[in-house]
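> heads up, no residue letters with this:
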């Protein structure tokens, strides 16, 4: 039984609403992540043409895609997130179109497969929009168009040639820009086989005809394989190594890899939200996710119960769907296996799931159709899978929302604490408390903030994580006068370990600049060695305290002036040894009801009070914060030792400070 014209036309509308609900509810609260930042910087400061050069040594056919999209869309997060919604919606519609052309008599199943493709929960990287829309989704959209046109060519023989030519052109546009989909082409042969199933009873003739129709695509595919084999071996190539050639998989490793792909893409991905929310059942975000899942389940249970009534239940769909789905999952895993990259869900590595989405969606629908015979039971299961997938994407969106919020806190606090920097300064830290950015990601916005008029390919600033870069080409050692070299696509930074500011931003607390003159190696000795060992390089004199311009990125929202604002300004005043201003700023923050989450942030205030000879207040606060956190003792001792060393040589002063040091159990 076919859907009515009105019912069929409603499917794109349902998909549009689903796209918005699953991916768009946090649209204004998400931003740039991972490589979005360098790409946005290139688009803003070097222009779209720079992308041709940027991808010359990696994926040269991606340059034109980036050129077109960045020429049309400004480098602002909201526009890219909206564009990502459009691309995801179109991909869902195309997947549904492919499925229904292959199985026109099974419209209920193909509709469900299309909805599950749209929501595929194994892929969490939707919000890294500027990067993944260009690098993967637009080529994937072309590939899906190619599949759809092939199916249409076989169903509409009178227009076979123009549809086939279109399919070949879109195949070229789908496979040459990126190697993500290099292994998917055999799926087309399987699709052709299913479409021709009704025309041939004899398998040999069926195979020959299927191969004949597939042959033009096979030649394009082989040409793409030859191109990649050539490009991977020429000297200019600079991307992933072919690890499977260097370290071939054993038979057991191959079986394990195949099993992992089937398990994660075919089963676990659809249920992982249950595991994720079970770890934090009482949090507001979990409760909201559960509400969304419940509402979606009830709606789709009703929706599915009203659609596709009277449709024949045959094995013409489930068995081919399972077989093609299995092939799609295994073939989709090939590129990342060849590159030696893991398939880890809920991480940046689950971007490799994009090439497994067609297979995963067909597999789960075919599996349930084959396993469950009762229509109403299947409706319950499919409604639950759709609801869980919506919940998974809502859960993911909230993670990216929080990450963008944390990014804004970092950039804002950095601007408060460091109004300007000397050119060629490196910000050095062990790691920052964000999930979806690295030091290379942040180098772009740091330059955007502090060098907004900069032109050319040489960057003025960089940020480096010592934990992951120490010992490599970027940061060979933590000794003075060593070169620092950072390269990203077409942009470069050249600096020195003699011009560094070491920063530290804890999970709970404010960003701070570390200073060896304040004894911060001792104060923060319990932190990561990658942070502590870098502190001797830190030189706060690289900070320009009084700046005419406030560092700013236009699409970052000004943060509320709470404790961290006053703390940053107090630290600036400390840097100028303006003890009175330090006290005034902290007192103002306290009077407004603000206070630190991290007791270490009281140290500057304690020292300012002591420097102003308010010993009673300074000692009382020292005792209070020490009672809160015993690990602060070393920091307090450094403060009082510094006060003692730099104070006047008077017996009364000396005896007071000595007594405080004794009471604090500070060694001499």
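Alright, I've got the coordinates. These numbers were taken from a predicted model, which means no experiment stands behind them.

> is it true that residue 363 touches residue 327?
No. Assessed by C-beta atoms under 8 Å, residue 363 is found out of contact with residue 327, at 9.3 Å. (Each C-beta comes from the backbone N, C-alpha and C, glycine too.)

> okay, these two: which has more neighbours?
Neighbours of residue 363 and residue 327, each counted by other C-beta atoms under 10 Å, are more numerous for residue 363; the result is 26 against 19.

> for that one, give me its contacts.
262, 265-266, 321-322, 325-326, 328-329 (C-beta atoms under 8 Å, 6 or more residues apart in numbering).

> can we see that at 7 Å?
Shown in contact with residue 363 (C-beta atoms under 7 Å, 6 or more residues apart in numbering): 266, 322, 325-326, 329.

> farthest-apart pair in those residues, please.
Largest separation among the contacts of residue 363 by C-beta to C-beta: 322 and 329, giving 10.6 Å.

> comparing those two, which shows the higher neighbour count?
residue 329 (25 against 21).

> isn't residue 31 up against residue 404?
Yes. Between residue 31 and residue 404 there is a contact under C-beta atoms under 7 Å: 4.1 Å.

> look at the nearest residue to residue 370 once chain neighbours are set aside and report its pLDDT.
Spatially, and ignoring its direct neighbours in sequence, residue 370 is nearest to residue 318 (3.8 Å; C-beta to C-beta, 6 or more residues apart in numbering). Model confidence at residue 318, given as pLDDT, is 92.

> low-confidence stretches in the chain?
1-8, 234-247, 308-315, 547-549, 647-654, 667-668 (pLDDT under 70).

> re the thing from before, nearest to residue 225 among the contacts of residue 363?
Taking those together and measuring to residue 225 by C-beta to C-beta, the closest member is residue 329, at 20.6 Å.

> tell me, how many residues neighbour residue 163?
20.

> residue 151 is in contact with that one, correct?
No. In terms of C-beta under 7 Å, residue 163 does not count as a neighbour of residue 151; the distance is 8.9 Å.

> how close does the spatially most central residue of the chain get to residue 165?
Nearest to the mean C-alpha position of the chain, by C-alpha atoms, centre = their mean, lies residue 436 at 4.3 Å. Distance from residue 436 to residue 165, counting by C-beta to C-beta, to the nearest Å: 41 Å.

> next one: the strand or helix carrying residue 216 to chain centre, how far?
Residue 216 is part of helix 203-233, with elements assigned from DSSP states H and E. Centroid displacement of helix 203-233 relative to its chain, using C-alpha atoms, centre = their mean, to the nearest Å, is 34 Å.

> what helices or strands is it leaning on?
helix 160-175, helix 186-195 (3 or more C-beta pairs under 7 Å, 6 or more residues apart in numbering; DSSP states H and E).

> so which of the ones you listed is nearest residue 279?
Of those, nearest to residue 279 by C-beta to C-beta is helix 186-195, at 35.9 Å.

> tell me what angle the closest one forms with helix 203-233.
160 degrees (axes from the mean of the first three to the mean of the last three C-alpha atoms, to 10 degrees).

> which residues sit against helix 186-195?
102, 147, 150-151, 154, 206, 210, 213-214, 217, 320, 324, 327-328, 331, 358.

> kindly recompute the last result at 6 Å.
Outside helix 186-195, the residues that touch it by C-beta atoms under 6 Å, 6 or more residues apart in numbering are 102, 154, 210, 213-214, 217, 320, 324, 328.

> that one to helix 160-175, inter-axis angle?
Using the same axes, to 10 degrees: helix 186-195 against helix 160-175 is 150 degrees.

> one step back: and residue 31 and residue 404? which has more neighbours close in?
residue 31 (26 against 22).

> so what's that one up against?
Counted by C-beta under 6 Å, 6+ apart, residue 31 has contacts 77, 404.

> what's the answer for the one 5 residues further on, then?
Under the criterion of C-beta under 6 Å, 6+ apart, the contact partners of residue 36 comprise 130-131.

> then residue 69?
residue 134.

> please repeat the previous calculation with a cut-off of 10 Å.
39, 43, 48, 51, 80, 83, 87, 130, 133-134, 138 (C-beta atoms under 10 Å, 6 or more residues apart in numbering).

> then residue 495?
Contacts of residue 495 by C-beta under 10 Å, 6+ apart are 423-426, 459-462, 464, 474, 482-486.

> cool, residue 203 as well?
Contacts of residue 203 by C-beta under 10 Å, 6+ apart are residue 193.

> do the one 4 residues further on as well
Each residue near residue 207 by C-beta under 10 Å, 6+ apart is listed here: 189, 193, 196, 200.

> at 6 Å what do you get?
Counted by C-beta under 6 Å, 6+ apart, residue 207 has zero contacts.

> isn't the residue nearest to residue 370 up against residue 369?
Yes. Taking contact to mean C-beta atoms under 6 Å, the distance of 3.9 Å between residue 318 and residue 369 places them in contact.

> need the strands for the stretch 501-650 of the chain, in chain order.
For the stretch 501-650 of the chain, the strands defined by DSSP state E, counting those that start in this stretch cover 512-514, 543-544.

> what's the first one packed up against?
It stands for strand 512-514. strand 500-504 (3 or more C-beta pairs under 6 Å, 6 or more residues apart in numbering; DSSP states H and E).

> which strands or helices does the strand it packs on pack on?
So strand 500-504, by 3+ C-beta pairs under 6 Å, 6+ apart, packs with strand 425-429, strand 512-514.

> and residue 421, backbone torsions?
phi -130, psi 150 (degrees, to the nearest 10).

> excluding chain neighbours, what is closest to residue 443?
residue 462 (4.8 Å).

> and the one you found, what are its bridge partners?
residue 426 (DSSP bridges).

> burial count for it?
Per other C-beta under 10 Å, the neighbour tally for residue 462 reads 26.

> in this structure, which helix is the longest?
helix 375-417 (DSSP state H).

> that helix versus strand 500-504: what angle between them?
Going by the same axes, to 10 degrees, helix 375-417 makes 130 degrees with strand 500-504.

> which helices and strands does helix 375-417 pack with?
helix 5-23, helix 107-119, helix 269-278, helix 284-305, helix 563-575.

> can you name the residues in contact with the second one?
With C-beta under 6 Å, 6+ apart as the contact definition, helix 107-119 has outside contacts at 3, 15, 22, 92, 95-96, 99-100, 103, 308, 311, 317, 357, 361-362, 365, 382, 386, 389.

> generate a ChimeraX selection restricted to the buried subset of those.
If you want just the buried ones from those in ChimeraX, going by 16 or more other C-beta atoms under 10 Å, the selection is:
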select :3,15,22,92,95,96,99,100,103,308,311,317,357,361,362,365,382,386,389
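
> out of the contacts of helix 107-119, list just those in helices.
Residues of the contacts of helix 107-119 located in helices (DSSP H): 15, 22, 92, 95-96, 99-100, 357, 361-362, 365, 382, 386, 389.

> need phi/psi at residue 464.
phi -130, psi 130.

> contact partners for it?
Counting by C-beta under 6 Å, 6+ apart, residue 464 has contacts 426, 428, 439, 475.

> wait, the third one sits on residue 462?
No. At 7.8 Å, residue 439 does not count as touching residue 462 under the criterion of C-beta under 6 Å.

> distance of residue 370 relative to residue 364?
Residue 370 sits 11 Å away from residue 364, taking C-beta to C-beta as the criterion.
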